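*Asks:* sequence below, structure please.
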Amino acid sequence: MKDEHLLDGEFLKAIKILAPGTPLREGLENILRARTGALIVIGDNPRIMEIIDAGFEINADLTPSGIYELAKMDGAIILSNDAKKILYANTQLIPDSVIPSVETGIRHRTAERVARQTGTMVISISQRRNVITIYKGAGKYVLRDIGVILTKANQAVQTLEKYKVVLDKSLATLSTLEFQDLVTLYDVAKALQRTEMVVRVVKEIETYIGELGSEGRLVSMQMDELVANVEDDGQLIVEDYYLHEDKKPEEVLQTIGQWDAEDLLDLSLICRALGYVGSSGILDQSVSPRGYRILYKIPRLPWPVIKNLVDTFASLQRILNASIEELDDVEGIGEVRARAIKEGLKRYRDQVLLDRHHW
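*Replies:* Okay, the predicted model is just below:
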């Protein structure tokens with residue numbers, strides 16, 4: 001069983017149930033301070049009920065003091081799926097002993113086996129080591145001190161700021177080259193690589209925010225401000241350049257998102273993920289965008305209209321060179337909108353060229 005650092009979506013949702021500020025977390029902290037230890041199962045599905053023996057029914061709202069007092073007994077506590085009710089206390093859990101476990105203590109070994117057997121979230125608080133360990137399915141996560149998490153979260157936000165500056169430069173370069181029709185696959189792959197690097201830091205920060213609960217509001221606001229539209233930009237770059245007819249842009253991004261850090265550094269791999277083939281010289285190949293990303297920058301231009309423009313003209317250069325009358329002929333575009341598109345493209349090109357001088 002691996003110790004999770006970057007949590008997957010399901011594990012992250014589970015962690016939020018016991019984030020700081022929740023009654024459950026307050027109760028766990030009380031148990032930790034008293035050094036009594038505890039074994040708590042979140043969920044009363046049939047698979048859990050099958051391995052429960054003895055104990056007694058509580059069926060009362062969860063309170064920090066209630067769970068703290070019940071933890072003084074030796075048995076496990078069973079909570080509802082939303083962790084708002086204490087259902088049973090002082091129960092004995094009897095998981096399948098054949099299930100492998102890397103844990104040495106009886107409480108942790110039971111928790112791991114129950115989580116593996118039922119897929120349910122199980123919390124084990126060590127009486128001796130004074131740590132809270134969470135098991136869910138085959139995953140394991142040790143809750144860390146809030147101060148430690150907050151420090152790591154702030155460091156990650158600083159890293160995100162630096163990565164975002166580099167990404168913005170890369171996107172500005174790509175935009176300039178797109179207007180000049182001078183894009184190579186190197187420029188496209190570099191922009192996608194930078195986008196994915198930012199997305200990975202965001203996922204790390206989301207893990208911290210999930211653990212911080214109410215303490216993570218400021219970190220969350222900083223992150224949201226920094227990464228507005230980043231994932232949109234990544235998807236639009238793929239829309240502009242990918243060659244796969246049997247894959248959606250989000251599937252291409254998911255593929256790249258699953259690579260390890262070493263693969264992400266290989267720009268030719270990114271080109272191949274987009275559907276291009278060739279040797280090491282693949283990065284020098286000239287390409288032209290369809291125009292999705294640049295058109296998306298024009299205010300109040302609906303996605304169906306952008307789609308119609310690309311379907312009609314097939315490339316950004318043809319859209320840039322189209323007359324008002326040619327734009328007017330596209331479905332969903334009248335003369336007023338045609339002029340707004342021409343003006344919006346000119347304004348965005350001027351802005352890109354101006355920004356480029358400031359980098």
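*Asks:* low-confidence stretches in the stretch 1-150 of the chain?
*Replies:* Scanning the stretch 1-150 of the chain for pLDDT under 70 picks out the ranges 1-10.
*Asks:* for it, what spans make up the strands?
*Replies:* Secondary structure of the stretch 1-150 of the chain by DSSP state E, counting those that start in this stretch: the strands cover 38-42, 52-53, 56-61, 76-79, 85-93, 121-125, 132-136, 139-142.
*Asks:* tell me the confidence at the residue nearest the centre of the chain?
*Replies:* Closest residue to the average C-alpha location of the chain: K203 at 4.2 Å, with C-alpha atoms, centre = their mean. Note for K203: predicted pLDDT of 90.
*Asks:* for the stretch 201-350 of the chain, give me the ranges with low pLDDT.
*Replies:* For the stretch 201-350 of the chain, the ranges with pLDDT under 70 are 280.
*Asks:* dump the residue contacts of the nearest residue to K13 once chain neighbours are set aside.
*Replies:* Spatial nearest neighbour of K13, chain neighbours left out: G210 (8.0 Å); criterion: C-beta to C-beta, 6 or more residues apart in numbering. Any C-beta I mention is one placed from the backbone N, CA and C, and that applies to glycine too. Shown in contact with G210 (C-beta atoms under 8 Å, 6 or more residues apart in numbering): L7, L12, K13, I15, K16, A19, G216.
*Asks:* which of the residues you listed lies closest to L283?
*Replies:* L7 (34.5 Å; C-beta to C-beta).
*Asks:* which helix or strand lies directly C-terminal to the host helix or strand of L192?
*Replies:* Per DSSP states H and E, L192 falls inside helix 185-212. Heading C-terminal from helix 185-212, the first helix or strand you meet, by DSSP H and E, is helix 217-226.
*Asks:* so how far is that next one from its chain's centroid?
*Replies:* 14 Å (C-alpha atoms, centre = their mean, to the nearest Å).
*Asks:* angle of the helix or strand following it against helix 185-212?
*Replies:* Next helix or strand after helix 217-226 toward the C-terminus (DSSP H and E): helix 230-241. Using axes from the mean of the first three to the mean of the last three C-alpha atoms, to 10 degrees, the inter-axis angle of helix 230-241 relative to helix 185-212 is 150 degrees.
*Asks:* contacting residues around the very next helix or strand once past helix 230-241?
*Replies:* Counting by DSSP H and E, the next helix or strand C-terminal to helix 230-241 is helix 249-257. Here helix 249-257 makes contact (C-beta under 8 Å, 6+ apart) with 192, 196, 199-200, 234-235, 238-239, 242, 244, 264, 270, 273-274.
*Asks:* filter these down to the buried ones.
*Replies:* 192, 196, 199-200, 234-235, 238-239, 242, 264, 270, 273-274 (16 or more other C-beta atoms under 10 Å).
*Asks:* of those, closest to E178?
*Replies:* Nearest to E178, judged by C-beta to C-beta, of the buried ones among the contacts of helix 249-257 is E239 at 13.0 Å.
*Asks:* I'd say the closest one and Y292 touch.
*Replies:* Yes: using C-beta atoms under 8 Å, E239 is in contact with Y292, at 4.3 Å.
*Asks:* and the top helix by length along the chain, which residues are buried?
*Replies:* In the chain, assigned by DSSP state H, the helix with the most residues is helix 146-180. By neighbour count, with 16+ other C-beta under 10 Å as the criterion, the buried positions of helix 146-180 are 146, 149-150, 152-153, 156-157, 160, 163-164, 167-168, 170-179.
*Asks:* still on that earlier bit, now the helix holding L192: how far from the chain's centre is it?
*Replies:* Using C-alpha atoms, centre = their mean, the offset of helix 185-212 from its chain centre is 9 Å.
*Asks:* just the buried residues of it, please?
*Replies:* Buried residues in helix 185-212 (16+ other C-beta under 10 Å): 185-202, 204-212.
*Asks:* what's the answer for stretch 67-85, then?
*Replies:* I67, Y68, L70, A71, G75, A76, I77, I78, L79, A83.
*Asks:* report the two of these separated the most.
*Replies:* Farthest pair in those, by C-beta to C-beta: G75 and A83, 18.1 Å.
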